[in-house]
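J.: Make a model of this:
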Amino acid sequence: MNVRRSAAALAASAVLCVGAAPAALADTPSPSAPPVVPSGLFGKADPTYDGVWRQSLALLAQRTVGLKPAPQAVDWLTGQQCANGGFASFRPDAGTACDDKTMYDTNATAVAVQAMKALGGKDAQVKKATDWLKSVQNDDGGWAYAPGSPSEGSSTSIVISALAAAGEKPAEVKSKAGKSAYDGLLSFQLGCSAEPASDRGAFGYQPADGKLAANADATAAAALAALGKGIVVEPAATDTPAATLACPAGSADPAGAAQGAAGYLAEALKKDGHLTAVTPGADQPTADTGNTADAVIALAAAGHRQAAAGALEWLQKNSAAWANRNPAALATLVLTAHATGTDPKAFGGVDLVAALNATGPAPVAPDTEPQKVAGEEKPGSGNQNIWWIVGAGAAAGMGIGILLSGRRKKQQ
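T.: Numbering: from 1, shown residues only. The predicted structure is shown next:
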């Protein structure tokens, strides 16, 4: 879940939603104005689009590796919650009450649910957030990034994962029209009649001209959702081969849908060892690091360690520039390491935990306890060759920010 949808995908969403996309796009700050980064927030990039998202992932990653996040970092996140339980992407003045002009963000709310649940002691905030998410469920059982817009595969998946992490049963979360969250999710899967056949099992974002197209971002998120899992995935004790979507049974049940999605991701990773995406203005597809990490987590959740092994190795060798000073990206890699039983303190020779901690308030206490990986102690954090430390004269705010994902990526 860690990297948010591309700006291009968001723009497409705005068209499909007939102008209902987040107002934040219209309120983009002037490029000449330096971003104001609040105290307690992870990262130095403009938080307008991803403040809650990156904070939630950072806190979630710290807790996953046994750290206790700084109180001011936790307070910043909980202070972003509106009285009705929902979250916006970022509220610069959390002291001002939310109103009918607040642009609520289901993705931010969903990832905040997972972070607050993991932190512990936030049951009231978690319940208010999940109640709000259920209140904005569409009649088809799904969710949109912006409440009131048509459902789409990524947001539906991200919300379901949050509900599951909070202890809800997605099959029992139903819209006023009687459609369950899983009804909404499965409507985005490309089934046994999809062409090309290699797309079968994938999930789409939103239909274009009545037709769904395979979308790796939506597929990775949907695999977790259909398995009833959040983004924190425990390493599997066994390994099974990934398989293509079972036909003619298809995706009649969430478990089958998840395995079909995992099969699609496994095949997509075989070509280059990573996923690719076409960026605006580029002639050729480029490596999609964020969705590759998402795919590895999804495959690990589905029990397919070997299918994820090549992409995991690629991430260890090639994620440096993407993760440079980027708390959401670093947190995603920490969670990727956790899901695969890999040491996050020696990820391709890099201490991801130290790098993440350096982007925000220091945790209350250092992680002095040895971690366990597949029954063995992890090595300590002696290798501090952090590849993203640059000269002191580097301008604050440079690097790669995050826009929308469940994944939104925004280049700074």
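J.: contacts, neighbours, all on C-alpha from now
T.: Fine.
J.: wouldn't K122 be in contact with V113 here?
T.: No. Look at K122 against V113 with CA atoms under 8 Å: they stay out of range, at 9.3 Å.
J.: Please say which of those two ends up with more neighbours.
T.: A count of neighbours by other CA atoms under 10 Å puts V113 above the other of K122 and V113, at 30 against 14.
J.: For that one, give me its contacts.
T.: Residues in contact with V113 (CA atoms under 8 Å, 6 or more residues apart in numbering) are V126, A129, T130, A162, A166.
J.: same thing but 7 Å
T.: Residues near V113 by CA atoms under 7 Å, 6 or more residues apart in numbering: V126, A129, A162.
J.: Quick check: it is in a helix.
T.: Yes. V113 forms part of a helix when assessed by DSSP: H, G, I helix; E, B strand; the rest coil.
J.: Quickly note the distance from A337 to D294.
T.: A337 sits 11 Å away from D294, going by CA to CA, to the nearest Å.
J.: the more surrounded of these two?
T.: D294 (30 against 24).
J.: Tell me the gap between the top helix by length along the chain and the middle of its chain.
T.: In the chain, assigned by DSSP state H, the helix with the most residues is helix 254-270. Here helix 254-270 is found 18 Å from its chain centre; the criterion is CA atoms, centre = their mean, to the nearest Å.
J.: And for stretch 43-53?
T.: Using CA atoms, centre = their mean, the offset of stretch 43-53 from its chain centre is 14 Å.
J.: For it, measure first residue to last.
T.: End-to-end distance for stretch 43-53, by CA to CA: 11 Å.
J.: Counting neighbours, which bits of that stretch end up buried?
T.: Using 16 or more other CA atoms under 10 Å as the test for burial, stretch 43-53 gives G43, K44, A45, D46, P47, T48, Y49, D50, G51, V52, W53.
J.: Got the phi and psi for the fifth one?
T.: With angles defined as degrees, to the nearest 10, P47 sits at phi -90, psi 10.
J.: ok, it - contacts?
T.: V37, F90.
J.: Strands of the chain, start to end?
T.: 276-277, 286-287, 372-373, 376-377, 400-405, 407-411 (DSSP state E).
J.: what does the first one contact?
T.: If I follow you right, that is strand 276-277. Against strand 276-277 from outside (CA under 7 Å, 6+ apart): P285, T286, A287, D288.
J.: Listing partners with orientation, what would you give for it?
T.: Here strand 276-277 is paired, per DSSP bridges, with strand 286-287 (antiparallel).
J.: Please identify, among the contacts of V113, the one with the most neighbours.
T.: Most surrounded of the contacts of V113: other CA under 10 Å gives A162, at 30 neighbours.
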